[in-house]
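1. build the 3D model from these lines:
(4 chains)
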Protein chains: 2
Amino acid sequence: MLIFDKNSCKREADMFKALGHPTRLWIVKQLADGQEHCVCEFVEAVGVQFATISQHLTILRQTGILTCEKRGQSVFYRLSCPCILDTLECLANGNAK
Amino acid sequence: MLIFDKNSCKREADMFKALGHPTRLWIVKQLADGQEHCVCEFVEAVGVQFATISQHLTILRQTGILTCEKRGQSVFYRLSCPCILDTLECLANGNAK
DNA sequence: ATGTTATATTGCTAAATAACAAAAAAAGAC
DNA sequence: GTCTTTTTTTGTTATTTAGCAATATAACAT
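-> Residues are numbered from 1 along each chain as shown, chains lettered A, B, ... in the order given. Now for the predicted structure:
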């Protein structure tokens, strides 16, 4: 018999949700090589308002997917844990319809 | 220099989005052992309207995560590809904050 | 045929999300 | 100190999503 416990899925679901937006997923992929990039690079590439990118980055930071560091006037983002890449790879390899 | 191509991320992002809801993620996990379950089992466990579960299942079906088969009056759902589990495991293992 | 059971679909409303514009903060240059 | 640059935060609005209720569909029982 199946028993649903919402809490047990909430945090994980939030991580999936964070990755469930084209711009955010793309950002994560850009950081896949372990390198860091600054906010302005993303803004330039995506072609959307600074505020919008900043909000996407906040979501990725809050779910623990990214971390950031401020140096000078710029903020640099990186994957907080490279293992997120395994997840991406799993999905990319296995589940193309 | 980074270049954003939205289309390249759209389908993958949709899969993440589908998994980005507690109820849907839970359903996928219940199917993780490869067994199939019928809709009414999910309804009973989650404690939500039949229509609501049906809608969640539709989303999971449309993204290709689940497939279903009708037998008699019941509809049975299963993972369309067990490899989705690797993805779940990757996330569960690696990225707990 | 009618009745019943299991799912799906449609219409509706409330809540969440995405994007922008404008204002606020933080750091460096002067 | 003021000015500029980079980023975040705070409205605001349009779109999307989540859930329910009601209706429709499909299969079986009678």
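2. what parts of chain A come near DNA strand C?
-> Contact residues, chain A versus DNA strand C (CB under 7 Å from any atom of the strand): A:17, A:21, A:23, A:48-52, A:55-56, A:59, A:70, A:72-73. The way it works is simple: take the backbone N, C-alpha and C, and place the C-beta from them, glycine included.
3. buried among these? Need that as a selection in PyMOL.
-> In PyMOL, a selection of the buried entries from the residues of chain A next to DNA strand C looks like this (16 or more other CB atoms under 10 Å in any protein chain shown):
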select buried, chain A and resi 17+21+23+56+59
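4. which members of the residues of chain A next to DNA strand C additionally contact chain B?
-> Restricting these to those within reach of chain B (CB under 8 Å from any CB of the partner chain) leaves A:17, A:21, A:23.
5. just how off-centre is stretch A:25-43 within its chain?
-> Here stretch A:25-43 shows a centroid-to-chain-centroid distance of 9 Å under the convention CA atoms, centre = their mean, to the nearest Å.
6. what's the end-to-end length of it?
-> End-to-end span of stretch A:25-43 (CA to CA, to the nearest Å): 14 Å.
7. any residue of the helix or strand containing residue A:56 touching DNA strand D?
-> Assigning secondary structure by DSSP states H and E places residue A:56 in helix A:50-62. Yes: applying CB under 7 Å from any atom of the strand, one finds helix A:50-62 touching DNA strand D at A:50-51, A:53-55, A:57-58.
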